[in-house]
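Undergrad: Sequence and predicted structure are below.
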Amino acid sequence: MTKDFSKKPLLIELDLTFFSDKTEEPTEKKISDTRKKGSVARSQELSMAIQLLALFLSLRVFGNLAIERMLGIYRWSLGSVISDYIKSERRIPTVASVHGLMSDVYQQMLLIMLPFMLVGFFSGLFGTGLQFKFKVSTEPLKPSLSKFNPINGFKRMFSVQALMNLLVSIAKIVIIFFVAYSDIKSHENELFILYELDLTQAVALIVDLVIDIGIRISVIYLVVGFLDYFIQRIRFKNNIKMTKQEVRDEYKDEEGDPEIKGRQKQKMREVSQRRMMQQVPKADVVITNPTHIAVAIKYDADQAEAPVVVAKGEDFVAEKIKETARENNVEIVENKPLARALYTTVDINAQIPPELYQAVAEVLAVIYNKKHKRG
């Protein structure tokens, strides 16, 4: 018996965004927003390499001094035990004396190791901060249910990144083994006579060997760390690449939807035009060319030193200006050169330039004479 699956609903819905091509380079806003969320290109290998190198270099410089102080504390503590043993009638150190002695030893040892611990801490902090330009984000500290999602945890465990981390860890173990073996091999003659040396010389020899191995491993780690950091930067850039639609959406968010902006500009023009048309009835004269351009001029000696253009326009707007002027008995004068000059050189609510004083004055004189004869 065959089943007709064509009549059954498709239970698995595909997320089409999975197939979308993220081909566009991330914008500055995208990178900034990602950084604010605490997501940056970061290499743990580089941070560890800087930390180890700083620590072993500090040991190379101050290690012998630290060893001498530690051996001094060892001798002092041993001498204290022997002294108490000789002075004690019971010939056995008390618990209190041993506890006090060990407390002093721990404090002295801690003071010796503290500078190296601080070097390791601050160098690790520097190595990590250097990678994200010391910009701190509290976003990763905020609670999120996705962090406790076991599915996400399994995805991370079996991801390509997890496999890469495993391979890097194996490579690190191989590097450590190879460097340690080669260094020990090169110092085997010295190690064979180790039992012939006194305690100070033996400890110094072993510490020097460990520091040499540590510095070599740290330098190799540093090279690997820089390579890993550049790989992480490439992966980070690829992960935050954007689709063309995302770029368009971001542009709309930043600059505004072009259609909305166009409508807003249209409304602003309409409001500005209405205000301009309200000034036409107050004008002294409208100068035209005569069909395409109309410029309304008003002169008030108490408010301005020169006549002011209160309205201007061409084609449809020019017709509206002339129509409003007729309705309010404002004189209309045809003067093609003057109309063109006023329209192209003078803004609305601006005074006319000196080079047009004479031409405008002649027009206004005719208008004032007409009004005087009527009145």
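TA: The structure has been received and is ready for your questions.
Undergrad: I'd like to know which helix or strand in this structure has the lowest mean pLDDT.
TA: helix 150-157 (a mean of 57; mean pLDDT, DSSP states H and E).
Undergrad: Chain neighbours aside, what residue packs nearest to residue 327?
TA: residue 281 (7.9 Å; Cβ to Cβ, 6 or more residues apart in numbering). (Glycine included, C-beta is placed from N, CA and C.)
Undergrad: And the one you found, how close does it get to residue 342?
TA: Distance of residue 281 to residue 342, given as Cβ to Cβ, to the nearest Å: 19 Å.
Undergrad: circling back: following the least confident helix or strand of the chain, which helix or strand shows up next?
TA: Going down the chain from helix 150-157, the next helix or strand is helix 160-186, by DSSP states H and E.
Undergrad: So which bits of that next one are buried?
TA: For helix 160-186, a neighbour-count test (16 or more other Cβ atoms under 10 Å) marks 172, 176, 179, 180, 183 as buried.
Undergrad: Of those residues, which is the nearest to residue 311?
TA: residue 172 (79.4 Å; Cβ to Cβ).
Undergrad: Contact partners for the closest one?
TA: Applying Cβ atoms under 8 Å, 6 or more residues apart in numbering, we find residue 172 in contact with residue 221.
Undergrad: All the strands of the stretch 251-375 of the chain, in order from the start?
TA: Taking DSSP state E, counting those that start in this stretch as the test, the strands found in the stretch 251-375 of the chain are 285-288, 293-298, 308-314, 331-334, 350-351.
Undergrad: CA-only coordinates of the third one in PDB, if you can.
TA: As requested, C-alpha coordinates have been extracted for strand 308-314 and formatted as PDB (Å, rounded to 0.1, in the frame of the first residue of the first chain):
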ATOM      1  CA  VAL A 308      13.300  91.800   0.300                       C
ATOM      2  CA  VAL A 309      12.200  88.800  -1.800                       C
ATOM      3  CA  VAL A 310       9.200  87.400   0.100                       C
ATOM      4  CA  ALA A 311       8.200  84.700  -2.400                       C
ATOM      5  CA  LYS A 312       9.500  83.300  -5.700                       C
ATOM      6  CA  GLY A 313       8.800  80.300  -7.900                       C
ATOM      7  CA  GLU A 314       8.600  79.000 -11.400                       C
END
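Undergrad: Numbering from 629 from now on, please.
TA: New numbering, starting at 629: the last item is strand 936-942.
Undergrad: Report the angle between that strand and strand 921-926.
TA: 160 degrees (axes from the mean of the first three to the mean of the last three Cα atoms, to 10 degrees).
Undergrad: Just the residues contacting strand 936-942, thanks.
TA: Residues external to strand 936-942 that are found in contact with it (Cβ under 8 Å, 6+ apart): 901, 904-905, 907-908, 910-911, 920-928, 948-949, 970-971, 974-980.
Undergrad: Need the buried ones from the residues you listed selected in ChimeraX.
TA: To isolate the buried ones among the contacts of strand 936-942 in ChimeraX, judged by 16+ other Cβ under 10 Å, type:
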select :904,905,907,908,911,921,922,923,924,925,926,927,948,949,970,971,974,976,979,980
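Undergrad: quick one: which of the contacts of strand 936-942 sit in helices?
TA: Among the contacts of strand 936-942, the members found in helices (DSSP state H) are 901, 904, 905, 907, 948, 949, 970, 971.
Undergrad: Rebuild these as TSV, extending it with distance to residue 687.
TA: TSV is the format used below for the ones in helices among the contacts of strand 936-942 (distance: Cβ to Cβ, whole Å):
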residue	distance to residue 687
901	80
904	81
905	85
907	85
948	88
949	88
970	85
971	83
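Undergrad: Okay, and the beta partners of residue 937?
TA: Counting by DSSP bridges, residue 937 forms beta bridges with residue 925, residue 978.
Undergrad: err, residue 921, not the other one
TA: In this entry, residue 921 is beta-bridged to residue 942, by DSSP bridges.
Undergrad: thought it was touching residue 968?
TA: Yes. Using Cβ atoms under 8 Å, residue 921 is in contact with residue 968, at 6.4 Å.
Undergrad: How about the contacts made by residue 683?
TA: Residue 683 makes contacts with 744, 747, 748, 751, 842, as judged by Cβ under 8 Å, 6+ apart.
Undergrad: where do the helices sit along the stretch 679-828 of the chain?
TA: Using DSSP state H, counting those that start in this stretch, the helices of the stretch 679-828 of the chain run over residues 723-759, 778-785, 788-814, 816-820, 827-867.
Undergrad: and this protein, what are its domains?
TA: Domain segmentation of the chain under automatic domain parsing yields 667-764+775-869, 902-1002.
Undergrad: quick one, phi/psi of residue 933?
TA: The phi and psi values for residue 933, taken as degrees, to the nearest 10, are phi -80, psi -20.
Undergrad: How much space separates residue 906 from residue 914?
TA: Residue 906 is 14 Å from residue 914, by Cβ to Cβ.
Undergrad: From the neighbour counts alone, determine which of the two ranks first.
TA: Comparing residue 906 with residue 914 by other Cβ atoms under 10 Å, the one with more neighbours is residue 914, at 25 against 12.
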